[in-house]
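[1] sequence first, predicted model second:
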Amino acid sequence: MKELICITCPRGCHLKVDEENGYEVTGNSCPRGKEYGYNEVTNPKRVVTSTVRTNSREYPRCPVKTNGAIPKEKMFDAMKLLDDIVLAVPIYCGEKVIENLFDTGIDFVATKDVQ
Ligand code: SF4
C-alpha cells in the first residue's frame, strides 16, 4: 500500500493506493485524485522548470519549462541536456529550446522574451 498526498489541488487529500488490488485508490475526494494516485504509482510524470544560458550580457539566463509532463525518472537527464545549450537572443516566449525530449513528444520551451 502506497500513501500519497494528492497535489492536484490545495485540499491535499491523503491517498492510499493498493498495489495488490488493481491500484485501487482510496482517500480521494474527487475523481481527479483517483487518477493522480493511479498515475503517480504506475507512471509518475512531472513538468520540469529550469533555466538555460543565453548570449545576452544583460540577461544571462532564460527560464524554460517542459510544455507537458515527462516521466519523473527522466527529469535530471532532461535538465542535464540544458547545460550544453546557449540560446542566442532574441528569444521569444514559447520558442522551442529542445524538441521531443526522449521521444515523449514534449519540448522544452522558453517562458520569457529575452531581447
Ligand atoms: S482528491 Fe480531489 S479534492 Fe482531494 S486534493 Fe486531489 S484533486 Fe483535490
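    Right, received. Where do you want to start?

[2] show me which helix runs longest in this structure.
    Looking across the chain with DSSP state H, the single longest helix is helix 31-42.

[3] starting at the chain centroid, how far to the helix or strand bottoming out on mean pLDDT in the chain?
    Sorting the helices and strands of the chain by mean pLDDT, DSSP states H and E puts strand 45-46 at the bottom, at a mean of 93. Using C-alpha atoms, centre = their mean, to the nearest Å, the mean C-alpha position of strand 45-46 is found 5 Å from that of the whole chain.

[4] picking up where we left off before, buried sites along the longest helix of the chain?
    Using 16 or more other C-beta atoms under 10 Å as the test for burial, helix 31-42 gives 33-34, 36-38, 40-41. Where you see a C-beta, it was placed from the backbone N, CA and C, and this is true even at glycine.

[5] just these that are near the ligand?
    Filtering the buried residues of helix 31-42 for proximity to the ligand (criterion: C-beta under 6 Å from any ligand atom) leaves 33, 36.

[6] for K72, give me its contacts.
    By C-beta atoms under 8 Å, 6 or more residues apart in numbering, the residues touching K72 are 44-46.

[7] domain-wise, how is this protein divided?
    For the chain, the domain assignment from automatic domain parsing gives the residue ranges 2-43, 49-110.
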